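Trainee: Just need the structure, nothing else, for what follows:
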Amino acid sequence: MDLRHLRAFVAVVDAGTFTDAATALGLTQASVSRSVAALEATLGVRLLQRSPRHVSLTTTGAQLLEGARRVLDEVAHLHRIASESQTELRIGYAWAALGKHTRRVQKAWAARHPGLPLVFVQSNSLTAGLAEGTADVAVVRKALDDSRFETALLGTERRYGVVATDNPLARKRSLKLADLARYSLAVDDRTGTTTLDLWQPGKAPAVVRNTGSVDEWLTLIAAGQAVGMTSEATASLNPRPGVAYRAVVDAPPIAVWLAWWKDQPPQHLTDLITLACDAYRAV
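Mentor: Prediction:
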């Protein structure tokens, strides 16, 4: 049984005609008529007596009407509970939130929505916690090929090479892709942004070591067992003793997206997108 069908049935009874019910619901008359017919088919009984100018309840329809109202009232009550119980807006991320923009966006958000804190939660999954239900929106740096989600581009970030501080590359002010290709490359092939496709064929690192988290990745690099490449956001939010970050001047930038459930956008989504885009543009 579809709630839309119950709403159409109750609206027709309250309005007195299919035409007026359609106006009240913001639907077409044909849509309301189909909904009521579908409800009658589901229940296997006729609920309304139809005439050219008016509709009236059948005996069974009258018996079911109050039950339909109770169901719709309970559903509305559940929606109110859900909306009132949201005490924070959770932003999922896998690696580095919004980088150096994180605090600025949080402070700007707090000024606009003091009763709804913006909380960043880490989740090393493809959807940064969206699919798992731990986040309401998510910052992603890999395209989401999933029709369940909508995305908005926030901005771009430079790529940084990451090496141990005793590696000769740490003495350089900036790096090129060829500099990193001489070493084993540490990556996170699940949520990371570095792939061998960034190098020309035949010029990529020969050895790739996969890691499962930012901490594991940084520990491997600090030990001199590999080098890495990441977004400037990681360099901003993840300083580590023994690790040096250097800009890679010939690597393409990384796109940063905000993602959310297509059928359940969070409240104040437009505000959040605007604040984040403004922060990236202000660089």
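Trainee: When you work out contacts or count neighbours from here on, use the C-alpha atoms and nothing else.
Mentor: Will do.
Trainee: Domain boundaries for the protein, per the record?
Mentor: The chain resolves into domains spanning 3-82, 86-156+255-282, 159-252 when parsed by the TED database.
Trainee: gap between the two ends of stretch 176-187?
Mentor: 17 Å (C-alpha to C-alpha, to the nearest Å).
Trainee: That one: which residues count as buried?
Mentor: 177, 180, 181, 183, 184, 185, 186, 187 (16 or more other C-alpha atoms under 10 Å).
Trainee: Just list the residues touching the residue lying closest to the third one once chain neighbours are set aside, thanks.
Mentor: Spelled out, that is residue 181. Excluding its sequence neighbours, the residue lying closest to residue 181 (C-alpha to C-alpha, 6 or more residues apart in numbering) is residue 205, at 4.2 Å. When contacts are counted by C-alpha atoms under 8 Å, 6 or more residues apart in numbering, residue 205 touches 180, 181, 182, 183, 184, 185, 196.
Trainee: Show the contacting residues for residue 16.
Mentor: By C-alpha under 8 Å, 6+ apart, the neighbours of residue 16 are 54, 55, 56.
Trainee: so what's the second one closest to, chain neighbours aside?
Mentor: Counting by C-alpha to C-alpha, 6+ apart, residue 49 is the residue found nearest to residue 55 once chain neighbours are left out, at 5.5 Å.
Trainee: what's across from that neighbour in the sheet?
Mentor: residue 56 (DSSP bridges).
Trainee: Alpha carbons only: can I get the helix or strand encompassing residue 12 in PDB?
Mentor: Using DSSP states H and E, residue 12 sits within helix 3-15. C-alpha atoms of helix 3-15 as PDB (Å, rounded to 0.1, in the frame of the first residue of the first chain):
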ATOM      1  CA  LEU A   3       1.000   6.400   1.200                       C
ATOM      2  CA  ARG A   4       0.300   8.600  -1.900                       C
ATOM      3  CA  HIS A   5      -2.800   6.500  -2.500                       C
ATOM      4  CA  LEU A   6      -4.000   7.100   1.100                       C
ATOM      5  CA  ARG A   7      -3.400  10.800   0.800                       C
ATOM      6  CA  ALA A   8      -5.300  11.000  -2.500                       C
ATOM      7  CA  PHE A   9      -8.300   9.100  -1.000                       C
ATOM      8  CA  VAL A  10      -8.500  11.300   2.100                       C
ATOM      9  CA  ALA A  11      -8.000  14.500  -0.100                       C
ATOM     10  CA  VAL A  12     -10.900  13.500  -2.400                       C
ATOM     11  CA  VAL A  13     -13.200  12.900   0.600                       C
ATOM     12  CA  ASP A  14     -12.200  16.200   2.200                       C
ATOM     13  CA  ALA A  15     -12.500  18.200  -1.000                       C
END
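Trainee: Noted, bye for now.
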